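S.K.: next comes the sequence, and after it the predicted model I'd like to discuss.
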Amino acid sequence: MSTPPSELTSAAVALFTATYAAPPEGVWSAPGRVNLIGEHVDYNGGLCLPMAIPQRTHAAVRRRDDRMVHVISGESGVERVALDDIGPGSPSGWAAYVAGVFWALEQAGHVIAGADIALTSDVPSGAGLSSSAALEASVALAIDELCGLGLGGDDAGRRELATACQRAENEVVGAPTGGMDQAASLRGRAGHALELDCRTMDVAYVPFEQELLIIDTRAHHALVDGQYAARREQCESAARDLGVPLLADVSLDGLSHTLEAVTDPVARRRARHVVTEIGRVKESAQVLRQGDRVDLDALGALFTASHVSLRDDFEVSCAELDVAVEAAIAAGAFGARMTGGGFGGSAIALVRPGRSGAVVAGVRRAYQQQGWKRPRTFRVKAGAGAGRDDTSE
Ligand code: GLA
């Protein structure tokens, strides 16, 4: 007996049918992600450790044969984009994440068609949980199947879909992000984090059965603004001074001596974050590979050290993230850190089983003392990657 479709799957079908007066050919969905550790290392060719979360974006889709893309999400009317009008900066707004995927697949030489699309999602947007990657990946998987590209069925194909999603975001949306989020969404696996080597995009799956607490600060988070791009440039400038193609090429041994070659003190601190962070990812993956004997104290300490480095050396934290991290630790978390790009968004806390309530209460209290609005919290376990939803009743 099949389980009934999820509420958001049914809602996507209902929205599709109400909008386009016919049923969709199918529904595909893809998760948001949290990064356990390894922040701002993807575009430096380093290692990161993201996992898919249970929150997903669902795309109900039907192929069109007139090279048009029609897309509706809950809050908006139908956006209409011609495949031939898509390119860098066009369209603008949220439809660019959808249109960009069609463009990138076509650029990669695939023969694709237009589509009608209706979207539903419980991935909060602007929360640093990669709602954009979830959107791109759900659409990519739908196009793949409806146009018979044959990529979604194995890991090599999914890598290619992830590359197309990243190109959509880099070139059509104009956000110079790395490839971590799309890899996590398309290649995630329930009960596992992905140890992702961003130089090769090779993945090693690391068991991660723990529950994680996400604290969405609800503070502003936008990657299209200049700060993210500025961090990238500072990393590239440090790599040039060091005579390496990528900061991932720099060894942790003798780092402070090595970094003397970076002339700009700001770029030097950025580089120190990246190189030490890659070291922390390696240590974290080792801790997790201990299976039943995972040392949560050790992992928590690595999380917290990552936060401090992002706060002080990389300077991408903010007061709301710092208070969430400090309050979570004070309330008994093993460790906590900002996750994702920063400048707002979410923090994650590694919490002793049964202690989530106390940690949530501690963070809420700290926010109240600051006069900030109440943060949203989610308890999550590593969820599955993108896939086709069951729509049979
Ligand atoms: C954002 C980007 C990712 C990555 C993180 C920071 O989520 O989309 O590519 O750079 O920031 O680790």
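M.R.: Perfect, I can see it now.
S.K.: could you give the average pLDDT over stretch 279-290?
M.R.: Averaged over stretch 279-290, pLDDT sits at 97.
S.K.: is the ligand contacted by that stretch?
M.R.: No - Stretch 279-290 stays clear of the ligand (Cβ under 6 Å from any ligand atom), getting no nearer than 10.9 Å. Backbone N, C-alpha and C define where each C-beta goes, glycine included.
S.K.: that stretch: which residues count as buried?
M.R.: Using 16 or more other Cβ atoms under 10 Å as the test for burial, stretch 279-290 gives 279, 280, 281, 282, 284, 285, 287, 288.
S.K.: how about stretch 201-211?
M.R.: In stretch 201-211, counting by 16+ other Cβ under 10 Å, buried: 201, 203, 206, 207, 208, 210.
S.K.: work out for me the element the second one sits within.
M.R.: Using DSSP states H and E, the secondary-structure element containing residue 203 is strand 202-207.
S.K.: next SSE after that strand?
M.R.: Assigned by DSSP H and E, the successor of strand 202-207 is strand 212-216.
S.K.: shouldn't residue 22 be in contact with residue 64?
M.R.: No - in this structure residue 22 lies outside contact range of residue 64 using Cβ atoms under 8 Å: 11.2 Å.
S.K.: more neighbours: the two, which one.
M.R.: Using other Cβ atoms under 10 Å, the more surrounded residue of residue 22 and residue 64 is residue 64, with 17 against 10.
S.K.: now the more buried one: closest residue in space, sequence neighbours ignored.
M.R.: residue 114 (4.1 Å; Cβ to Cβ, 6 or more residues apart in numbering).
S.K.: for the one you found, what are its contacts?
M.R.: Contacts for residue 114 (Cβ atoms under 8 Å, 6 or more residues apart in numbering) come out as 63, 64, 65, 66, 67, 68, 69, 70, 83, 102.
S.K.: which of these fall in helices?
M.R.: Residues of these located in helices (DSSP state H): residue 102.
S.K.: can I get the contacts of residue 114 in CSV including pLDDT and distance to the ligand?
M.R.: CSV is the format used below for the contacts of residue 114 (pLDDT from 0 to 100; distance: Cβ to the nearest ligand atom, whole Å):
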residue, pLDDT, distance to the ligand
63, 98, 29
64, 98, 30
65, 97, 34
66, 98, 33
67, 98, 29
68, 98, 29
69, 98, 23
70, 98, 27
83, 98, 25
102, 98, 20
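S.K.: list just the nearest of the contacts of residue 114 to residue 381.
M.R.: residue 102 (32.8 Å; Cβ to Cβ).
S.K.: residue 112 is in contact with the closest one, correct?
M.R.: Yes - between residue 102 and residue 112 there is a contact under Cβ under 8 Å: 6.1 Å.
S.K.: list residues touching both of the two?
M.R.: 83, 143.
S.K.: and the gap between the nearest residue to residue 291 once chain neighbours are set aside and the ligand?
M.R.: Distances taken as Cβ to Cβ, 6+ apart place residue 207 nearest to residue 291, at 6.6 Å, with adjacent residues excluded. Distance, residue 207 to the ligand, by Cβ to the nearest ligand atom, to the nearest Å: 22 Å.
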